[in-house]
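Novice: The sequence and its predicted three-dimensional model are supplied below.
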Amino acid sequence: MLGGVLALLIICSFSASTDLRQQFEKVVNKDVNGNAGQVLLSIGQEFIGIPYVAHTLENENGEQLVCRFDAFDCTTLVENLVALTRSKMLNYTFEQFKEELTKVRYKNGQIEDYASRLHYFTDWAYENEKRGVLKDITKELGGVRTQKKIHFMTTKSELYKGITSKEILGHLRESEQQMNARERYYIPVSNIAAIENHLKDGDIIGITSTIEGLDCNHQGVVKKKGNKAYLFHASSKEMKVVLSEQTLASYVGSAKRNSGIIVIRLNEPNF
């Protein structure tokens, strides 16, 4: 069933000189060794300098799988890196990559409507941990439990063009209620520097928010330099994919809207 859905609901963007399939093959055929996190970070290097473009997943014709390598926001960069890493390590074809990207991005791997997309970082992490792709290690690193209620999308629905009906709004509200019923942990800004030495290349970082109702403001990937961690991410400030010059602790602490981090680590694929 998924293959049939994908055949109907895919938008692929092409760069000026190379089509998407060729770009995919170039990335996954790259000679790289290491664990899943190291492979993810190595693949990420291929996209340094690629433009930051917001709202690339929105479409007037309804929810569809948008697949492109010529522009990213912070979310689509991480989603694509996870899907590309698993494709590399599991020897997936381009068609299998698109199926994997669908599973990474949508609840239960099914494209149904706007609400089926995993909009919140914590929900995305939970659903992908449930299917064995990754693990939330925030608690293990000394994270503290948060009681913060998530409701930003439904209370600020006017900000989201994809919320076009009461049904979609209701589905999003159900997802928020499910998130609020789970135990969730984060590492406060003041504690990040102390745990940077425990982070590894390719760890995925969600930057938690002080904004009412919102779980995370931003996300990216860890690059280690000695015992210090740096953030590889699609930057809305620099308008491209970059490696931050600041340490992770300094980067997160530089904005009042950031309260801390969530740390996600990729599992090794099962062959």
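Specialist: Cool, the structure landed.
Novice: can you pull out the strands in the chain?
Specialist: For the chain, the strands defined by DSSP state E occupy 10-12, 65-67, 134-136, 144-146, 184-188, 204-209, 216-225, 228-235, 240-247, 258-266.
Novice: what angle separates the fifth one from strand 204-209?
Specialist: In terms of direction (axes from the mean of the first three to the mean of the last three CA atoms, to 10 degrees), strand 184-188 departs from strand 204-209 by 80 degrees.
Novice: List the buried residues for stretch 54-64?
Specialist: 56, 57, 59, 63 (16 or more other CB atoms under 10 Å). C-betas here are computed from N, CA, C, even on glycine.
Novice: now, which of these sits nearest residue 230?
Specialist: Comparing the buried residues of stretch 54-64 against residue 230 with CB to CB places residue 56 closest, at 24.8 Å.
Novice: Go ahead and confirm the closest one touches residue 71.
Specialist: Yes - applying CB atoms under 8 Å as the test, residue 56 and residue 71 come out as touching, 5.7 Å apart.
Novice: coming back round to it: with residue 105 as the reference, name the closest of the strands of the chain.
Specialist: Short answer: strand 65-67, nearest of the strands of the chain by CB to CB, at 7.6 Å.
Novice: roughly how far is that closest one from the heart of the chain?
Specialist: Here the centre of strand 65-67 is set off from its chain's centre by 14 Å, with CA atoms, centre = their mean, to the nearest Å.
Novice: Please apply the same query to stretch 86-100.
Specialist: Stretch 86-100 sits 17 Å away from the centroid of its parent chain (CA atoms, centre = their mean).
Novice: Give me the mean pLDDT for it.
Specialist: Mean pLDDT, stretch 86-100: 97.
Novice: May I see the buried residues of that stretch?
Specialist: For stretch 86-100, the neighbour count (16+ other CB under 10 Å) marks 86, 87, 88, 89, 92, 94, 97, 98, 99, 100 as buried.
Novice: In contact with residue 183, which residues?
Specialist: residue 145 (CB atoms under 8 Å, 6 or more residues apart in numbering).
Novice: next one: phi and psi at it?
Specialist: The phi and psi values for residue 183, taken as degrees, to the nearest 10, are phi -80, psi 130.
Novice: Tell me, what's the model's pLDDT at it?
Specialist: Confidence score, pLDDT, at residue 183: 97.
Novice: same question, residue 105
Specialist: Listed pLDDT for residue 105 reads 98.
Novice: what's the answer for residue 132, then?
Specialist: 97.
Novice: And for the nearest residue to it once chain neighbours are set aside, the neighbour number?
Specialist: By the measure of CB to CB, 6 or more residues apart in numbering, the closest residue to residue 132 outside its immediate chain neighbours is residue 267, 6.1 Å from it. By other CB atoms under 10 Å, the residues close to residue 267 number 15.
Novice: How about the one 3 residues further on?
Specialist: Residues near residue 270, counting by other CB under 10 Å, number 6.
Novice: what about the nearest residue to it once chain neighbours are set aside, neighbour count?
Specialist: In space, and not counting its chain neighbours, residue 270 is closest to residue 132: 7.3 Å by CB to CB, 6+ apart. Number of residues near residue 132 (other CB under 10 Å) recorded here: 10.
Novice: what do you get for residue 210?
Specialist: The burial count for residue 210: 14, using other CB under 10 Å.
Novice: what about it, distance to residue 216?
Specialist: Taking CB to CB, to the nearest Å as the measure, residue 210 and residue 216 are separated by 11 Å.
Novice: So which residues make contact with stretch 242-252?
Specialist: By CB under 8 Å, 6+ apart, the list of residues contacting stretch 242-252 from outside reads 48-49, 189, 192-193, 196, 199, 205, 207, 220, 222-223, 228-233, 235, 254, 258, 260-261.
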